[in-house]
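Colleague: structure for the following, please:
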Amino acid sequence: MRQVLPISILFLGGFLWLGGFQHLSAQVPVVSVQTGSPYSQYVYGIAACGVGMSDVNINCDTNVAVNGPQMSGFMAPGTSVSFSSGLLMTTGSINYGVPNLTFGNGDGLGRPGDPDLLPLLPAGANTNDACIVTFKIRPGCDSVRIRYVFASNEYPNFVSQIDDIFAAFIRGGNYATNTNFAWIPMTTTAVYIGSVNAATNPQYFIAVPNGTAYNSHTVVMEAVAAVDPFQTYDIKLVIADESDQAYDSGVFVESVSCQDPVTILARNNNNPNSSQVVEECVDGYFTVYNYEDTSMSIPLTISMLGTATNGVDYTIPTSATIPAGQDSVNIPVTLIADGAVEGPETITIAVSGIPCIGDDTATLTLLDPFIVDAGSDTAACSEELIQIGGVPDPTVSYNWSGAIGMQGPINSANPSVILSTPFHQTVTYGLTATDQNGCVDTASVRVDYIPLPLADFSLASGVCVNEITTIIFTETPIPGGNYVWDFGPNTSSILGSGQGPYQVSWSTIGPQEVRMYVEDGICTSDTITHTIMVHPIPTANFIATPQLCANEQAQLTYTGSGSATATYNWDLDGGLPALSGSGPHLVSWNIPGTKTITLTVEENGCLSPPVSQVVDVFPLPDASFFAQPSLCEGDIAQITYTGSSPFNASYAWTFGGGTVLSGGGQGPYQVQWPTPGQKDVCLQLQENG
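Modeller: Down below sits the predicted model:
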């Protein structure tokens, strides 16, 4: 239980001492109050220009029987409160905040508190004697500001014990529930005794005020909330005692205001958020607002400005009246379709007689008729993905029709389309566009889908190096088509044009790629590639024994480039046996003479040039001779060569111990034996080896 200090009252001449021991001079300005029904007038009085207020509801004690009502109007020019006038809300009586009206620090009214305040206070708090004022506002701006001063007789003795509080709640629009927006600046801490005092946030605190009976108060504070213009919000202002009811607090509210309030709004008939009007589509209007007393009608004078011409481009009244009981009036603008493309123009009005403002202006932008561009007609190849449409405009919504080939998205300015088709066909795509002003236009674009030309060709699987082969285009020719061939870098000759056929040879062995495609206007076939193997021409070189005797075997050794699988064609000129394969081989001739051996080799269809070797086949020499079969001892034998060998052959004679009396080489010889008996005469003949 906190201690209640006694109140001392002392009159000294023209001065008055009262609760809190605050000295007031008769010449010093002091807070004064205004009471009397209807009390709603003091609430309506804080609505500044740009804020329309309605539906005021007061849940405060307005009984004046004892110490005065819980709320009133006030005036405080020249005081530390700083406000000329406004609304005073207290937790007891207005008199405890006004010098000379009463003595003491507060009343206990026995009224309930407000549960909305509890989440803003330290844990365990409770409230009572709440004074609650609610009303609706329709601000003509995007930010609402409430200026106030929170004061209390809880200061300074009960700072650490009692937390009387003030809050300003807003609900509506983006605020789904009552949301406090009266904070200590740069924080999310509500305004109560413990959050702003001489020790906590002292920069916002006036410890020794003047002109008010409250012990201390804050500096001028601002509660600011972001809003949507011309939307309706519920505002709740509440002040309450915390814990007990012994000492009063009060809040001086100067105003609920808009910064830069809108008094004239330019809009079109389709979109209240657009200040554009469109020829041949949508007219517009200007709304002039009255945030003051709506009980009387307000005459307005209208002057025309801007680049558009009244009577040529549009028509508009030159005067209007805000009727009594209404907070606004609409001034219609009717466009005149002149068929001329003029670019954006402005329709600007200057209005005189607007309450709380006087004169103000607003502008509508006049646009030429809305025209959407679907893009130029185009052509596409089968299976080619292309985009149709035009440059995107973020203020325009798009919707395409024409399902054939449409890839989408159909709500974009330039969707993708693709179609696989074996024949020529034309598809029309329709576009419906709606701009931000609700104007609709349609357009279409045609796409000619052209089938892809077909390409293919035939060629041999293999060819010999430098051998000419024929390449034939095998698809249906396209009149006027462009045939693009690539035979590779190793060709030795090319003969042909257009679709062909082509006569081609290659100078390099190995696989060679042939490519081709067909162009038909903008469309190109797939590139077709086939491979041909270019084979080397084998060689038929071989080595043969150059000379030999009849029936003697000669060796043939192959030295060419053919492989084991090649075909070897041997011509032995009568030699035996018949041969195949690369060898080596053995061959003989039984008939002497000059023999010509010829070889050709065939591999992979490639035939070598023939290669020949000459072999001399010599006959075996004839060693026949005649000798007398018998003779007497001492007789001379006549031995005569009877064979066919020439005289220059090599003749090796043995006469069995006889004495050669004459003869040499081939003979004839005369031989004599000194002894009787059988004598062997032998001849060995060597000719051509």
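
Colleague: C-terminal to the longest strand along the chain, what's the next element?
Modeller: Assignment by DSSP state E gives strand 127-139 as the longest strand of the chain. Sequence order places strand 143-152 as the next helix or strand after strand 127-139, per DSSP states H and E.

Colleague: the closest residue in space to A544 that isn't next to it in sequence: what's it in contact with?
Modeller: Among residues not flanking A544 along the chain, Q613 sits closest, at 4.3 Å (Cβ to Cβ, 6 or more residues apart in numbering). Just so you know, the C-beta spots here come from the backbone N, C-alpha and C atoms, and that holds for glycine as well. Going by Cβ atoms under 8 Å, 6 or more residues apart in numbering, Q613 touches F542, I543, A544, P546, T596, I597.

Colleague: quick revisit: flag every buried residue along the longest strand of the chain.
Modeller: For strand 127-139, a neighbour-count test (16 or more other Cβ atoms under 10 Å) marks T127, N128, D129, A130, C131, I132, V133, T134, F135, I137, R138, P139 as buried.

Colleague: do you know the pLDDT at the first one?
Modeller: It stands for T127. On the pLDDT scale, T127 is placed at 96.

Colleague: isn't it right up against D114?
Modeller: Yes - contact criterion Cβ atoms under 8 Å: T127 and D114 qualify, at 5.8 Å.

Colleague: give the residues shared as contacts by these two.
Modeller: Common neighbours of T127 and D114, using Cβ under 8 Å, 6+ apart, are A240.

Colleague: what about P38, how many residues nearby?
Modeller: Residues within reach of P38, counting by other Cβ atoms under 10 Å, total 11.

Colleague: actually A379, not the one I typed
Modeller: With other Cβ under 10 Å as criterion, A379 counts 16.

Colleague: residues contacting it?
Modeller: With Cβ under 8 Å, 6+ apart, A379 has these contacts: V447, D448, Y449, I450, G521, I522.

Colleague: report the secondary structure state of it.
Modeller: Here A379 is recorded as strand under DSSP: H, G, I helix; E, B strand; the rest coil.

Colleague: report the separation between E154 and A246.
Modeller: Distance, E154 to A246, using Cβ to Cβ, to the nearest Å: 9 Å.

Colleague: ugh, wrong one, I meant V372
Modeller: 74 Å.

Colleague: do L459 as well
Modeller: The gap separating L459 from A246 is 113 Å, by Cβ to Cβ.

Colleague: cool, and D338?
Modeller: D338 sits 77 Å away from A246, going by Cβ to Cβ.

Colleague: do R111 as well
Modeller: Distance, R111 to A246, using Cβ to Cβ: 14 Å.

Colleague: what of G438?
Modeller: Applying Cβ to Cβ, one obtains 63 Å for the distance of G438 from A246.

Colleague: what pLDDT does G306 get?
Modeller: 94.

Colleague: wait, it sits on T361?
Modeller: No - contact criterion Cβ under 8 Å: G306 and T361 do not qualify, at 9.5 Å.

Colleague: which residues are in contact with both of the two?
Modeller: T348.

Colleague: more crowded one of the two?
Modeller: Applying other Cβ under 10 Å to G306 and T361 shows that G306 carries more neighbours, namely 19 against 15.

Colleague: enumerate every residue touching the more buried one.
Modeller: So G306 contacts E345, T346, I347, T348, T363 (Cβ under 8 Å, 6+ apart).

Colleague: got it, and T476?
Modeller: By Cβ under 8 Å, 6+ apart, the contact set of T476 is L454.

Colleague: Three-state assignment for it, please.
Modeller: Secondary structure assignment for T476 (three-state DSSP): coil.

Colleague: just the pLDDT for it.
Modeller: T476 is given a pLDDT of 92.

Colleague: low-confidence stretches in this structure?
Modeller: 1-27, 64-66, 101-105 (pLDDT under 70).

Colleague: which residues are in contact with the closest residue to W570 other than its chain neighbours?
Modeller: Setting aside the residues directly before and after it, W570 is nearest to L579 in space (Cβ to Cβ, 6+ apart), at 4.2 Å. In this structure, L579 makes contact with L556, Y568, W570, L572, H585, V587, judged by Cβ under 8 Å, 6+ apart.

Colleague: returning to what we had before: of the contacts of G306 - the most surrounded one?
Modeller: Highest neighbour count within the contacts of G306: I347, with 26 neighbours (other Cβ under 10 Å).

Colleague: flag every buried residue along stretch 611-625.
Modeller: For stretch 611-625, a neighbour-count test (16+ other Cβ under 10 Å) marks V611, Q613, V615, V617, F618, P619, P621, A623, F625 as buried.

Colleague: for stretch 318-337, same thing?
Modeller: Neighbour-count burial for stretch 318-337 flags A320, I322, D327, S328, V329, I331, V333, L335 (criterion: 16+ other Cβ under 10 Å).

Colleague: what about the last one, distance to E280?
Modeller: Here L335 is placed at a distance of 8 Å from E280 (Cβ to Cβ).

Colleague: hang on, A47 packs against V253?
Modeller: No - in this structure, A47 is not within contact of V253 by Cβ under 8 Å, at 10.9 Å.

Colleague: before we move on, back to that, from the contacts of L579, which is closest to A413?
Modeller: Y568 (76.2 Å; Cβ to Cβ).

Colleague: wait, is the closest one part of a strand?
Modeller: Yes - assessed by three-state DSSP, Y568 belongs to a strand.

Colleague: beta-bridge partners for it, please?
Modeller: Bridge pairing for Y568 (DSSP bridges) gives the partners V601.

Colleague: OK, contacts around it?
Modeller: Y558, G562, L579, S580, G581, S582, G583, L599, V601.

Colleague: now P479
Modeller: If you count contacts by Cβ under 8 Å, 6+ apart, P479 has none.

Colleague: comparing A47 and V253, which residue is more hemmed in?
Modeller: A direct count of neighbours by other Cβ under 10 Å for A47 and V253 places V253 higher, at 27 against 20.

Colleague: now the host helix or strand of the more buried one against strand 127-139, angle please.
Modeller: Following DSSP H and E, one finds V253 within strand 249-258. Here strand 249-258 runs at an angle of 10 degrees relative to strand 127-139 (axes from the mean of the first three to the mean of the last three Cα atoms, to 10 degrees).

Colleague: give the next helix or strand downstream of strand 249-258.
Modeller: Next helix or strand after strand 249-258 toward the C-terminus (DSSP H and E): strand 264-268.

Colleague: give me the sheet partners of that next one and which way each runs.
Modeller: Counting by DSSP bridges, the strands paired with strand 264-268 are strand 284-289 (antiparallel).

Colleague: which residues of this protein fall in helices?
Modeller: Assigned by DSSP state H, the chain shows helices spanning 40-44.

Colleague: from I193, how far off is the residue nearest to W570?
Modeller: L579 is 128 Å from I193, by Cβ to Cβ.

Colleague: neighbour count winner among E154 and A246?
Modeller: When E154 and A246 are compared on other Cβ under 10 Å, the one with more neighbours turns out to be E154, at 30 against 20.

Colleague: pretty sure that one contacts D164?
Modeller: Yes - if you go by Cβ under 8 Å, E154 and D164 touch, sitting 5.4 Å apart.

Colleague: name the residues contacting each of those two.
Modeller: Shared contacts of E154 and D164, defined by Cβ under 8 Å, 6+ apart, comprise I193, Y247, S249.

Colleague: tell me the one of these nearest T62?
Modeller: Among the shared contacts of E154 and D164, S249 lies closest to T62 (Cβ to Cβ), at 18.0 Å.

Colleague: for the closest one, what are its contacts?
Modeller: Contact analysis of S249 by Cβ under 8 Å, 6+ apart lists 90-91, 150-154, 164, 166, 193, 214, 239, 241.

Colleague: the stretch 1-150 of the chain: strands as residue ranges?
Modeller: Under the criterion DSSP state E, counting those that start in this stretch, the stretch 1-150 of the chain carries strands at the ranges 10-12, 15-18, 22-24, 32-34, 51-59, 71-75, 85-90, 127-139, 143-152.
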